[in-house]
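>>> model this:
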Amino acid sequence: MRAPAPQRLLHITDTHLLADPSAQLRGVNVDARLQATLAAMQPWAARANGLVHTGDLVHDGSMAGYQRLRDALSRLGLPGRVMPGNHDDRAGMAQVFDQGLLRAEPTMMLGNWMVVCLDSLSDGAVEGRLSAEDLATLDQALNDTRADHLLVALHHPPVAVGTKWLDAIGLHQPEALWARLDTEPRLRGVCCGHIHHAFSGERAGVPVYATPATAAQFLAGAKDFAMDADAPPGFRWLDLHPNGRITSDVITVPG
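Numbers count the residues shown, from 1 in each chain. So this is what the prediction gives:
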């Protein structure tokens, strides 16, 4: 007897769009890299069930950037969730992603899984923070859901990723988050952005995944700020199996 099919989630992050689609950021045209990534995602989207964008949707807080990103992502035809990163404008993002396939909402159901989306934006800071309100939203989601399995998504990594300068600007005081998640038996994984390179690790047996930016990439393992000029954009797929297992990999975009 064939095993039930997993729910496939596509993960994209750190698009860093600007108001001007022809503008460059750190030597790359972020719009062109996004379009190349979306073209590579199309065959995967045909077999996927959902999409999540873990922040830094735009770089300049522009409504034009948000609207352009919403229209581009919507062409994948997938329901999804977006959450803010440190470059985002929370109010502007919420206004643009308030209805339709892609929404700035805290949860999404995929089969017997719930994806919980956290807002780690701390106004005026590069590092992330979860406010008391954010943690209360998490508590409510955990208490209310009947999902068998949980995947948590946020912008800032709640663990060290081995790139020293990025570890200094990850999620500030992640202990408050882990105090909740460590006692949650349904937690199966965490995915995040912010670090502009791929990462797979774990905490207490729970896998933690980060996904490359569609914008320019940072050099993994660097002690100080460094770009990886030759690294291509990418996205991640995660297969969320009915039994709680996760299989995942990163797809990089040639050229």
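
>>> how near is the spatially most central residue of the chain to Gln35?
By C-alpha atoms, centre = their mean, the chain has its centre lying nearest to Thr54, at 2.4 Å. For Thr54, the distance to Gln35 (C-beta to C-beta, to the nearest Å) stands at 20 Å. Any C-beta I mention is one placed from the backbone N, CA and C, and that applies to glycine too.

>>> Show me what the longest helix seen in the chain is packed against.
Identified as the longest helix of the chain according to DSSP state H is helix 30-45. Applying 3 or more C-beta pairs under 8 Å, 6 or more residues apart in numbering; DSSP states H and E, one finds that helix 30-45 makes contact with strand 7-12, helix 63-74, strand 234-240, strand 246-252.

>>> and with 10 Å instead?
strand 7-12, strand 24-25, helix 63-74, strand 234-240, strand 246-252 (3 or more C-beta pairs under 10 Å, 6 or more residues apart in numbering; DSSP states H and E).

>>> tell me the most buried of those?
For these, average neighbour numbers computed from mean count of other C-beta atoms under 10 Å are highest in strand 7-12, which has a mean of 24.

>>> contacts for stretch 217-228?
Residues outside stretch 217-228 that contact it (C-beta atoms under 10 Å, 6 or more residues apart in numbering): 14, 26-28, 161-166, 194-199, 210, 212, 216, 229-234, 252.

>>> swap the cut-off to 7 Å and go again
Arg26, Gly162, Thr163, Lys164, Trp165, Leu166, Ile195, His196, His197, Ala216, Ala231 (C-beta atoms under 7 Å, 6 or more residues apart in numbering).

>>> Got a PyMOL select line for the buried ones in those residues?
Of the contacts of stretch 217-228, the buried ones go into a single PyMOL selection, burial set by 16 or more other C-beta atoms under 10 Å:
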select buried, resi 163+166+195+196+197+216+231
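
>>> For the contacts of stretch 217-228, work out which two are farthest apart.
Arg26 and Gly162 (21.5 Å; C-beta to C-beta).

>>> The chain: helices as residue ranges?
30-45, 63-74, 90-96, 132-144, 164-167, 175-181.

>>> Including mean pLDDT and distance to Ala104, could those helices go into CSV?
Output for the helices of the chain, formatted as CSV (pLDDT from 0 to 100; distance: least, C-beta to C-beta, whole Å):
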stretch, mean pLDDT, distance to Ala104
helix 30-45, 98, 19
helix 63-74, 98, 10
helix 90-96, 98, 5
helix 132-144, 94, 12
helix 164-167, 98, 25
helix 175-181, 96, 20
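
>>> need those in TSV with distance to Leu102, can you?
What follows is the helices of the chain, written out as TSV (distance: least, C-beta to C-beta, whole Å):
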stretch	distance to Leu102
helix 30-45	13
helix 63-74	6
helix 90-96	9
helix 132-144	19
helix 164-167	27
helix 175-181	24
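
>>> rewinding a little: next, the buried residues of the longest helix of the chain.
Val30, Asp31, Arg33, Leu34, Ala36, Thr37, Leu38, Ala40, Met41, Ala45.

>>> got a list of what the residue found closest to Gln67 once you drop the neighbours it is linked to in the chain touches?
Leaving out its chain neighbours, the residue that sits closest to Gln67 by C-beta to C-beta, 6 or more residues apart in numbering is Val96, at 5.7 Å. The contact partners of Val96, by C-beta under 7 Å, 6+ apart, come to Met63, Tyr66, Gln67, Arg70.

>>> Tell me the one of the residues you listed nearest Leu9?
Arg70 (18.7 Å).

>>> I'd say the closest one and Phe97 touch.
Yes - the criterion here is C-beta atoms under 7 Å, and Arg70 meets it with Phe97 at 6.2 Å.
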